[in-house]
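Undergrad: what shape does this take:
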Amino acid sequence: MGGKALGVLSRLVDMPEQTAVRTISELAEGLGINPSTLTRLAKRLGYGGFAFASFLTYGLAMLRSDVALLDAPRLGEAEGLAQLEPGDVLVVASCAPYTRNVAEVAALGARRGLDVIAVTDTRSSPLVPPARHAFLVPHASSFFSNSMGAYIIFCEGLLNLVARALADSAIDALAEREALIRELRIEIDRD
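TA: Numbering: from 1, shown residues only. Have a look, this model is predicted:
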């Protein structure tokens, strides 16, 4: 991260009470920088719904083989939904301000007989009505955009519960993953 980005990040951390209630444009003006600088900084820090979905997919795929991002090959949500059958699970996540596309995918998934699980912030979220299960994760923070911290921590807990429910099959899947890592010599020996 360059000096300018570090300086902006440092100033944002030093003024959390202002960061929480300002728009990106207002923050940029107060910091004397272009709004696109804040947007680039957010992306470099890994903010975005895709980061949450990728983390959940990565964790679940360590435990079972039938997990994928809905639009992993970037062919569109329709292609991903077409590959799912009634009874399959569709996990959707969004928080205020909600992404219209995610809400529409959740509603369509429910109409197609998928078991929709929503990870969102409030009962009034548009993801709640089509969901069979909804997990409400508050995200208020001093971050200048929607904070992902609580969502990632929730994800870790959810993944641990899934691993516990899968019991021996989760242990076997993790052992197989570790064997592949050793065989590919991905990790550096510490000897």
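
Undergrad: which stretches of this structure have low pLDDT?
TA: Low-confidence segments of the chain (pLDDT under 70): 1-50, 72-74, 139-147, 191.

Undergrad: now do 80
TA: 1-53, 68-76, 138-151, 187, 189-191 (pLDDT under 80).

Undergrad: the domain parsing of it - what is it?
TA: Domain segmentation of the chain under automatic domain parsing yields 1-45, 48-184.

Undergrad: buried sites along stretch 115-132?
TA: By neighbour count with 16 or more other CB atoms under 10 Å, stretch 115-132 contains the buried residues 115-121, 125-128, 130-131. Yep, even glycine has a C-beta here, placed from its N, CA and C like the rest.

Undergrad: can you list those in TSV and add secondary structure?
TA: Output for those, formatted as TSV (DSSP: H, G, I helix; E, B strand; the rest coil):
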residue	secondary structure
D115	strand
V116	strand
I117	strand
A118	strand
V119	strand
T120	strand
D121	coil
S125	coil
P126	coil
L127	coil
V128	coil
P130	coil
A131	coil
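
Undergrad: closest to A150 among those?
TA: Among the buried residues of stretch 115-132, D121 lies closest to A150 (CB to CB), at 9.1 Å.

Undergrad: can you pull the contacts of the closest one?
TA: Residues near D121 by CB atoms under 8 Å, 6 or more residues apart in numbering: 95-96, 136-139.

Undergrad: now those as TSV including secondary structure?
TA: TSV is the format used below for these (three-state DSSP):
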residue	secondary structure
C95	coil
A96	coil
L136	strand
V137	coil
P138	coil
H139	coil
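
Undergrad: looking at those, which is nearest F154?
TA: Closest to F154, out of all of the contacts of D121 and judged by CB to CB, is V137, at 4.9 Å.

Undergrad: quickly note the distance from that closest one to L127.
TA: As judged by CB to CB, to the nearest Å, V137 and L127 stand 12 Å apart.

Undergrad: shared neighbours of those two, anything?
TA: With CB under 8 Å, 6+ apart, V137 and L127 have common neighbours T120.

Undergrad: pretty sure A107 contacts P130?
TA: Yes - checked against CB atoms under 8 Å, the pair A107 and P130 is within contact range at 4.6 Å.
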